[in-house]
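*Asks:* Here is my input, please return the structure:
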Amino acid sequence: MNNLLRCFALALCLHLLASRGAAQVAPLIANINARQTTSLDGQWQAIVDPYDVGAFDYRAQPLKNNSAFYKNYKPQSESELVEYDFDTSGQLHVPGDWNTQRESLLFYEGTVWYKRSFDYTKSPKNRLFLHFGACNYFAAVYLNGEELGQHEGGFTPFDFEITDRVKARGNFLVLRINNTRGKDQVPTVNTDWWNYGGITRPVTLVEVPETFVQDYFIQLEKGSTHQIKGWLQLNGPKLQQNVTIRIPEAGLSKAFQTDSRGRAELSFSAGLTLWSPENPKLYTVELASDTDQVTDHIGFRSMEVRGTDILLNGKPVFLRGISIHEEAPTRPGRAWSQDDARTLLGWAKELGCNFVRLAHYPHSEAMLRVADQMGLMVWAEVPVYWTIQWENPQTLHNAENQLNEMIARDHNRAALIIYSVANETPVSDARNRFLRQLIQDAHSADPTRLVSAALQANHLADKNRTTIRINDPIASDLDVLGNNEYVGWYVGRPEDTDSMDWISEYDKPLIMSEFGGDALFGYHGDAATRWTEEYQQNLYEHQIGMLKRIPFLRGTTPWVLKDFRSPRRTLPHLQDYFNRKGLVSEHGEKKEAFFVLQRFYKALQGTEVQ
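*Replies:* Have a look, this model is predicted:
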């Protein structure tokens, strides 16, 4: 019997893996909030399906009859056997993770089916798309009993066109979401954050003209503070059109024409007030074609590297940052809303930050939009985390797709200055090839941003001092070097930082992308007692002393803004499945180390905390 169960499980996994390759997503529509939209957020019916009986029969073959849950079939007589019913099942809120909505689902990994009914009458000749902000991790999407397609990756948006499938009344949308971890996935089976499952970001119906502005890139040319260079892409049957770019406040109106592919290359000079943390200026930008028009709010700034300096608008800048996980600030679960973003980024501003590292995956579009408004520069990251299957072509394709979807969504956000392609990955030839491909992809898709990765350095100790050498081979391909180090927590004592020196084989700027230690808010003792606020405070004080001695250091993003859930953190009464390295507790309470970092950042700004 055990062998039979193992065979069934293997066959089921093979079907799940094979199905991931069949995605039929539409090209991503930029800036959907500027469109005619209808929200499908709210309460959805949900069926928890740990054995995937709604997708596969008892021999692990895909279901295609009325037993498949996506059919939403109702028995036609009292004698007909149907073993599911969305309408009498429980509900889950969308957007939201399932783990924190029901106590029984806190650790659940597997399939949950979601169903939502809706009516919709679209305008004649218009097209209709179904947009998902994110679903973690694998999503199969069905409308009115027919599959639209599939998507893999838990943190990036995707669309399906439903123009010819939607009805005026009685539509039903069904999703099969599965957050089971897999060795071939990105991220893989081992992470240090909660594997929140579900439809975790908004679901939206987006109505557009038959030929519409699908995407555009309007930013300052690399190295320039006055030349705008970019492109615009149409989607539809009438691809050759006149297009106009207007920035009314600057008195600019420029006309272009799209080619037979619907693409127009854009280039023009503009005298604009540049975006910066001190003055996060956003311009209303109007894009119009013969058949469509869309408005965005875009900031313009230049970002480049010269030797070990990072230059914002041509001037050296030190990135006073903090790392952030996408945990809701004032409730359990995944963050997703503008209110969540304003609270999290508001804490960063209170710290004295001009920069945030959004780890370890793409955060919601709301975070980028609010960062634009608040004047916080952003490091955005894909979840190539720890040990990925470096030699698996499908894993590379998955990572590239997530990177491209992140760039496509956010490439007009002035706040976004760095793309990160990896975190704490072990050096090998296969890993180096994998990451170099991602670095090349990022530079090709968006040459205006810098590319980095969070690396780890080598410790070389003698009797009196320790030298830490940055010599990761992929550093030669990066614009900015990131480094994670935990001296004082996983390595040595906080005082050991007093005798540490840093050297680099590369003439490039360094961001100390992680350092820190755990503390339980309200737990006090002396500075040598682990888990106390005093220990964390002492660690930060010694770390800051070391950081001041690194001549090529140009930024820091300590780990981490807020305590976050992690299944790896099992110690009762102290961790309770939380990583406690936050400067703010899961309830929003500030620990003593918060104020240590705040004083350091305020001093860097030239002002003291009052």
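
*Asks:* What ranges does the protein have for its helices?
*Replies:* For the chain, applying DSSP state H gives helices covering 2-19, 338-351, 365-374, 393-410, 429-445, 533-547, 592-604.

*Asks:* The fifth one: which residues count as buried?
*Replies:* Which is helix 429-445. R431, N432, F434, L435, R436, L438, I439, D441, A442, H443, A445 (16 or more other Cβ atoms under 10 Å). Yep, even glycine has a C-beta here, placed from its N, CA and C like the rest.

*Asks:* Turn the helices of the chain into TSV, columns for mean pLDDT and distance to P237.
*Replies:* Output for the helices of the chain, formatted as TSV (pLDDT from 0 to 100; distance: least, Cβ to Cβ, whole Å):
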stretch	mean pLDDT	distance to P237
helix 2-19	39	32
helix 338-351	98	36
helix 365-374	98	29
helix 393-410	98	22
helix 429-445	98	27
helix 533-547	98	57
helix 592-604	98	54
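
*Asks:* Which one, of these, ends up nearest to K562?
*Replies:* helix 338-351 (7.2 Å; Cβ to Cβ).

*Asks:* In the closest one, which residues are buried?
*Replies:* D340, A341, R342, T343, L344, L345, W347, A348, L351.

*Asks:* Name the nearest residue to the third one, sequence neighbours excluded.
*Replies:* It refers to R342. V370 (5.6 Å; Cβ to Cβ, 6 or more residues apart in numbering).

*Asks:* again with V48
*Replies:* Using Cβ to Cβ, 6+ apart, the closest residue to V48 is V112 (5.4 Å).

*Asks:* Show the contacting residues for the one you found.
*Replies:* A46, I47, V48, D49, L92, W98, R176, I177, G197, G198 (Cβ atoms under 8 Å, 6 or more residues apart in numbering).

*Asks:* of these, closest to N398?
*Replies:* I177 (17.0 Å).

*Asks:* Show me what that closest one is bridged to.
*Replies:* V112, A139 (DSSP bridges).

*Asks:* That one - how many residues pack around it?
*Replies:* 24 (other Cβ atoms under 10 Å).

*Asks:* who's in contact with W275?
*Replies:* Taking Cβ under 8 Å, 6+ apart, one finds K281, L282, G299, F300, R301, D372, G375, A414, A415 in contact with W275.

*Asks:* For beta bridges, what are the partners of A255?
*Replies:* Residues in beta-bridge contact with A255 (DSSP bridges): T244.

*Asks:* what's the spacing between it and T244?
*Replies:* Distance, A255 to T244, using Cβ to Cβ, to the nearest Å: 5 Å.

*Asks:* of those two, who's got more company?
*Replies:* Between A255 and T244, T244 has the larger neighbour count (other Cβ under 10 Å), namely 14 against 11.

*Asks:* Report whether the expected contact of that one with K254 is present.
*Replies:* Yes - T244 is in contact with K254 according to Cβ atoms under 8 Å; the separation is 6.9 Å.

*Asks:* Can you list phi and psi of the residue with the largest distance to the centre of the chain for me?
*Replies:* Distance from the C-alpha centroid of the chain peaks at S79, with 48.8 Å (Cα atoms, centre = their mean). Per-residue torsions, S79: phi -90, psi -10 (degrees, to the nearest 10).

*Asks:* This completes my enquiry, with thanks.
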